[in-house]
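Undergrad: Coordinates only, no sequence provided:
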């Protein structure tokens, strides 16, 4: 397969040069092993998918590290978390940098493990699926924020995305772009091999119930998370659905976007919104088998929003930044009107709140961002430039503090 250059590569090398250990997290098949092998070809390698290697690490850790000396890349390290204590001992005995590169597909468990065993010794980064920038060869690696400075810089690296619905439908797994792999065959195999093997093993449901659960969540991508409704669809209890959603989040299949929290927003909804991290997988699970039917279907708006949110998160991860607590949404009645008001995304950057609307339209209007004024209530923050991300072909100012942006500007 052809290797697609990843934006995160230079950041990975810099982090490895300045840390004893580097951890790369991300869902299965987003390219963790491939990018690490490409950027660190001189490292020894071992995967804990290999049962014998895992057993040696568990039973004879000293022998394991004689057979696999540093610098060492350990893939799927979450399958033998006790090895982190041995890594800590080796790191403490050495002054060298770049001793270990670890990767795994269970982000929250790994973060807990490294915080307990390798605090102060490890740098953590997340690898997502391919971004539109990477797919289209855009040489720009700054996180998205609709400031005038960002927009001016991004303009110099814009390339047209000729068929956005095909990109949304295809998804972001590298294998689909580096080979001629059939879309339906890939996602069928991905579901059978990785989701049912890795995730269903933690959920312990029969295959029919498990697929019903995945489909129910995928059909709600871009919506406020309602555990009771999903439980009704699947036929299991609400606490069970909460546990299963947590597993999808931990393994990088979904992202839970938290509501913006401020004391003055007393009537804001407190539930998160759920987004599939890969729109291709969401399309496969919900039966949208072509880009055209997706574009013309009832879920086009939610899937477009899912795609845009995912692209924005990737812009942070690829720059080595943590987007947690920096990106949120708002829905509530705090404005004083009878109806609900919503802001699709709020980006908090250096004390400035940037409100974002995501619309499947070629004719954006200022009224689409009427709820932005709710942010003026927050006294310790300043409202920045608002943006409507939509299907126009060039930036268009709608007010002094509101701009409509093409998707190519993410």
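TA: Arrived safely. Please read these numbers as outputs of a predicted model, since none were measured by experiment.
Undergrad: Pull out the buried residues from the longest helix belonging to the chain.
TA: Secondary structure of the chain per DSSP state H: the longest helix is helix 300-317. Using 16 or more other C-beta atoms under 10 Å as the test for burial, helix 300-317 gives 300, 302-317. C-beta here means a position set from N, CA and C on the backbone, and glycine is covered the same way.
Undergrad: what's the neighbour count on the closest residue to residue 195 other than its chain neighbours?
TA: Closest residue to residue 195 apart from its sequence neighbours, by C-beta to C-beta, 6 or more residues apart in numbering: residue 214 at 6.7 Å. Using other C-beta atoms under 10 Å, residue 214 is surrounded by 27 other residues.
Undergrad: pretty sure residue 214 belongs to a helix, no?
TA: Yes: applying DSSP: H, G, I helix; E, B strand; the rest coil, one finds residue 214 inside a helix.
Undergrad: Look up how far residue 193 lies from it.
TA: Distance of residue 214 to residue 193, computed by C-beta to C-beta, to the nearest Å: 14 Å.
Undergrad: try residue 292
TA: For residue 292, the distance to residue 193 - C-beta to C-beta - is 28 Å.
Undergrad: before we move on, back to that, show me what the longest helix of the chain is packed against.
TA: If you count contacts as 3 or more C-beta pairs under 8 Å, 6 or more residues apart in numbering; DSSP states H and E, helix 300-317 packs onto helix 164-170, strand 254-257, strand 273-276, helix 279-286, strand 327-332, strand 341-349, strand 352-358.
Undergrad: which one of those lies closest to residue 88?
TA: Smallest distance to residue 88 across the helices and strands packed on helix 300-317 (C-beta to C-beta): 30.1 Å, for strand 254-257.
Undergrad: Identify the residue nearest residue 396 in space, chain neighbours excluded?
TA: Per C-beta to C-beta, 6+ apart, closest to residue 396 is residue 404, 4.4 Å.
Undergrad: isn't that neighbour right next to residue 394, touching?
TA: No: in this structure, residue 404 is not within contact of residue 394 by C-beta atoms under 8 Å, at 9.1 Å.
Undergrad: Name the residue in these two with the higher neighbour count.
TA: Per other C-beta under 10 Å, whichever of residue 404 and residue 394 has more neighbours is residue 404, with 27 against 11.
Undergrad: and the more buried one, that one's in a strand?
TA: Yes: assignment of residue 404 by three-state DSSP places it within a strand.
Undergrad: so where is the stretch 51-200 of the chain shaky, pLDDT-wise?
TA: Applying pLDDT under 70 to the stretch 51-200 of the chain flags residues 106-117, 119.
Undergrad: and if we set it to 80?
TA: Low-confidence segments of the stretch 51-200 of the chain (pLDDT under 80): 105-120, 194-200.
Undergrad: dump the residue contacts of the closest residue to residue 318 other than its chain neighbours.
TA: Ranked by C-beta to C-beta, 6+ apart and with sequence neighbours excluded, the top spatial neighbour of residue 318 is residue 7, at 4.0 Å. Each residue near residue 7 by C-beta atoms under 8 Å, 6 or more residues apart in numbering is listed here: 131, 133, 134, 141, 318, 319.
Undergrad: how about a cut-off of 10 Å?
TA: Taking C-beta atoms under 10 Å, 6 or more residues apart in numbering, we find residue 7 in contact with 35, 127, 130-131, 133-134, 138-141, 314-315, 317-320.
Undergrad: Restricted to strands, list those.
TA: Judged by DSSP state E, the subset of those located in strands is empty.
Undergrad: PyMOL command for the buried members of those residues?
TA: The buried residues among the contacts of residue 7 can be selected in PyMOL (16+ other C-beta under 10 Å) with this line:
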select buried, resi 35+127+130+131+133+134+138+141+314+315+317+318+319+320
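Undergrad: what's the closest of the contacts of residue 7 to residue 153?
TA: Distance to residue 153 across the contacts of residue 7 (C-beta to C-beta) is lowest for residue 140, with 7.6 Å.
Undergrad: check contacts around the closest one.
TA: Taking C-beta under 10 Å, 6+ apart, one finds 7, 133, 153, 154, 156, 157, 158, 159, 315 in contact with residue 140.
Undergrad: With distance to residue 99 and secondary structure added, can I get the residues you listed in a markdown table?
TA: Supplementary listing: the contacts of residue 140 in a markdown table, determined by distance: C-beta to C-beta, whole Å; DSSP: H, G, I helix; E, B strand; the rest coil:
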| residue | distance to residue 99 | secondary structure |
| --- | --- | --- |
| 7 | 25 | coil |
| 133 | 31 | helix |
| 153 | 36 | helix |
| 154 | 37 | helix |
| 156 | 39 | coil |
| 157 | 36 | coil |
| 158 | 40 | coil |
| 159 | 39 | coil |
| 315 | 30 | helix |
